[in-house]
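Colleague: here is my input; please provide its structure:
(one chain, ligands or ions: 1)
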Amino acid sequence: MKKLALGAIAALALALPAQAQTKYPERPITMIVPFAAGGPTDVIARLVSESMSKTLGTQVVVENVAGAGGTTGITRALTAAPDGYTIAMGHLGTFSAAPSTYPNLKYDPIDGMQAIGLAGGTPILIVAKKDFAPKDLKEFVAYVKGNTDKVTEAHAGVGSVSWTTCTLLKGQLGVPKLNSVAYRGTGPALNDLVSGQIDFMCDQIVSVSEQVKAGTIKAYAVASAERSPALPDVPTTKEAGLPEYQIEAWNGLAAPKGTPKEIVDKLVDALDKALKDETVKTRLLGLGAVIPSAEERTPAGFAALIKRDADKLTPVLSQAVKK
Ligand code: ASP
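Modeller: Numbers count the residues shown, from 1 in each chain. Sure, this is the predicted structure:
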């Protein structure tokens with residue numbers, strides 16, 4: 001009897017640590033992409049989510065919730081229960097630019113969000129429909145300045161990366177107002193660029209590089225210090241005559257604030273493994289993405305990047321929105 005009781009206590013003691021651990025994940029995880037399918041955020045999300053599904057042993061399902069420059073989808077994700085079953089693939093726009101362009105934003109990427117990690121650096125390209133008259137960046141600058149009433153620009157909504165990066169460009173060119181069309185993501189904007197219905201846009205390399213290579217659109221320059229290995233023929237803005245136009249964008253994962261640490265750790269690990277997965281890596285690099293450093297893949301490293309870029313963008317963008 002005494003023996004049995006001791007045995008039962010021992011069994012209970014063994015079972016306890018297992019019970020104290022969070023069993024996660026037990027069902028599919030939703031990764032919200034705050035833009036339409038086919039754009040850079042969607043492309044990166046689909047690539048990493050596939051590998052993350054394998055690591056986590058459950059499906060990570062991408063859900064496109066577009067609108068308001070990506071803020072609709074991010075609001076949905078960050079106001080969900082902090083249980084690890086809803087996460088978001090945001091970017092420079094939704095996490096660093098949107099707070100200064102939407103005064104009533106319902107989320108706070110600096111103090112009210114759990115950063116997970118950076119999923120990819122995405123150089124910015126100035127791209128145009130293939131028949132657009134200017135042949136190079138210098139001609140583009142002159143043409144835009146001389147035809148402000150005629151030129152049409154595509155973007156993914158106020159606060160998005162395309163809007164933010166083109167707002168900086170237009171500010172530097174001294175042409176703050178152009179005819180611009182807001183899309184639900186730059187995937188659909190790219191379709192209109194390919195069919196020649198819109199003149200140009202500034203966008204993240206990953207969804208436009210293949211079209212540039214195929215010649216269905218043209219790229220004037222990449223706004224980074226170095227050329228992209230994915231598009232070695234496209235000059236940098238410095239080489240092409242607009243050295244002051246330098247901007248780097250990125251995409252990364254976040255969860256609602258309050259998500260338990262053990263769950264965050266599992267998501268961080270799954271993202272890290274996805275970025276080490278040869279298939280994912282090769283595909284991302286082929287599209288022109290930059291693979292994040294070990295530090296940028298951590299919640300602290302990613303949070304620091306969000307803050308650094310928000311500090312940089314806030315003064316410029318709050319002015320631009322007032323104009
Ligand atoms: N690249 C987009 C932006 O301009 C959005 C998207 O990923 O579709 O913010």
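Colleague: which strands or helices does the strand or helix carrying Lys266 pack on?
Modeller: Take DSSP states H and E as the rule and Lys266 turns out to sit in helix 261-276. Helix 261-276 makes packing contacts with helix 40-56, strand 113-129, strand 248-256, helix 278-287 when contacts are defined by 3 or more C-beta pairs under 8 Å, 6 or more residues apart in numbering; DSSP states H and E. Quick note: C-beta positions are derived from backbone N, CA and C, even for glycine.
Colleague: nearest approach to the ligand belongs to which of these?
Modeller: helix 40-56 (3.3 Å; C-beta to the nearest ligand atom).
Colleague: quick one on the thing from earlier: what are the contacting residues of the helix holding Lys266?
Modeller: Outside helix 261-276, the residues that touch it by C-beta atoms under 8 Å, 6 or more residues apart in numbering are 21-22, 24-25, 47-52, 55-56, 60, 83-84, 87, 114, 116-117, 119, 253, 255, 280-281, 284, 291-292, 294, 297-299.
Colleague: restrict those residues to the buried ones and give me that as a ChimeraX selection.
Modeller: In ChimeraX, a selection of the buried entries from these looks like this (16 or more other C-beta atoms under 10 Å):
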select :24,25,47,48,49,50,51,52,55,56,60,83,84,87,114,116,117,119,253,255,280,281,284,291,292,297,298,299
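Colleague: so how far is Arg308 from Ala289?
Modeller: 20 Å (C-beta to C-beta, to the nearest Å).
Colleague: can you check the pLDDT for the closest residue to Trp250 other than its chain neighbours?
Modeller: Among residues not flanking Trp250 along the chain, Gly121 sits closest, at 4.9 Å (C-beta to C-beta, 6 or more residues apart in numbering). We have a pLDDT of 98 for Gly121.
Colleague: list the helices and strands the longest helix seen in the chain packs on?
Modeller: Ranked by number of residues, the top helix in the chain under DSSP state H is helix 299-322. Contacts defined by 3+ C-beta pairs under 8 Å, 6+ apart place helix 299-322 against helix 98-101, strand 113-129, helix 161-173, strand 248-256.
Colleague: report the buried residues of the helix holding Lys266.
Modeller: Buried, per 16+ other C-beta under 10 Å, within helix 261-276: 263-264, 266-268, 270-275.
Colleague: repeat for stretch 70-90
Modeller: So, applying 16+ other C-beta under 10 Å, buried residues of stretch 70-90: 70-78, 80, 82-90.
Colleague: repeat that for stretch 148-160.
Modeller: 151, 153-160.
Colleague: residues in contact with the closest residue to the ligand within the stretch 1-150 of the chain?
Modeller: Of all residues in the stretch 1-150 of the chain, Gly39 sits closest to the ligand, at 2.2 Å by C-beta to the nearest ligand atom. Gly39 makes contact with 156, 185-190, 207 under the criterion C-beta under 8 Å, 6+ apart.
Colleague: quick one: which of those is nearest Ile110?
Modeller: Taking C-beta to C-beta as the measure, Ile110 lies nearest Ala156 of the contacts of Gly39, at 22.1 Å.
Colleague: return the distance of Cys166 relative to the ligand.
Modeller: 9 Å (C-beta to the nearest ligand atom, to the nearest Å).
Colleague: and the pLDDT for the nearest residue to Glu139 once chain neighbours are set aside?
Modeller: Counting by C-beta to C-beta, 6+ apart, Ala133 is the residue found nearest to Glu139 once chain neighbours are left out, at 7.6 Å. Looking at Ala133, its pLDDT reads 97.
Colleague: next: the one 4 residues further on.
Modeller: Predicted confidence (pLDDT) for Leu137: 98.
Colleague: also Gln21?
Modeller: Gln21 is given a pLDDT of 59.
Colleague: near the ligand, which residues of the protein? Just list them.
Modeller: Neighbours of the ligand within the chain, by C-beta under 6 Å from any ligand atom: 35, 39-41, 93, 156, 160-162, 185-187, 203-204.
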